[in-house]
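Visitor: with the input below, show me the fold.
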Amino acid sequence: MLAELNTKEKIVGIKQLRKALNEGRARKVFAAEDADPKLTGPILDQCADGGVAVERVPTMAELGRACGIEVGAAVAALLK
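Guide: Predicted coordinates for the structure are as follows:
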């Protein structure tokens, strides 16, 4: 549920998410379906390898709004 992004500790963006995955801090990832697969593909692969749950969001704009930012977001994550 996107509402989780309003109330939980989160990160937004490819670079921050990659770092959190490498450190084992991400517990659930949200990925926009309209984001460039060249950017999100490696993140989604890393989630699959690490057993991190992924929820798809229709648009980057919708994900950005859910994160409380005024621009679109390709990916976001809830932290442990």
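
Visitor: tell me which helix or strand comes right after the lengthiest helix in the chain.
Guide: Scanning the chain for the helix with the most residues, using DSSP state H, yields helix 37-50. Per DSSP states H and E, the first helix or strand lying C-terminal to helix 37-50 is strand 53-57.

Visitor: picking that back up, can you tell me what sits against the longest helix of the chain?
Guide: 14, 17-18, 21, 24, 26, 29, 31-32, 52-54, 74-75 (C-beta atoms under 8 Å, 6 or more residues apart in numbering). The C-beta positions use only the backbone N, C-alpha and C, and glycine is treated the same way.

Visitor: quick one: which of these sit in helices?
Guide: Those of the contacts of helix 37-50 lying in helices (DSSP H): 14, 17-18, 21.

Visitor: sorry, back to before: between the longest helix of the chain and strand 53-57, how many degrees?
Guide: 150 degrees (axes from the mean of the first three to the mean of the last three C-alpha atoms, to 10 degrees).

Visitor: pLDDT on helix 37-50, on average?
Guide: In this model, helix 37-50 carries a mean pLDDT of 96.

Visitor: buried ones in it?
Guide: 40, 43-44, 46-47 (16 or more other C-beta atoms under 10 Å).

Visitor: would you agree residue 66 is in contact with residue 1?
Guide: No: the pair residue 66 / residue 1 is not scored as a contact, 9.3 Å apart, by C-beta atoms under 8 Å.
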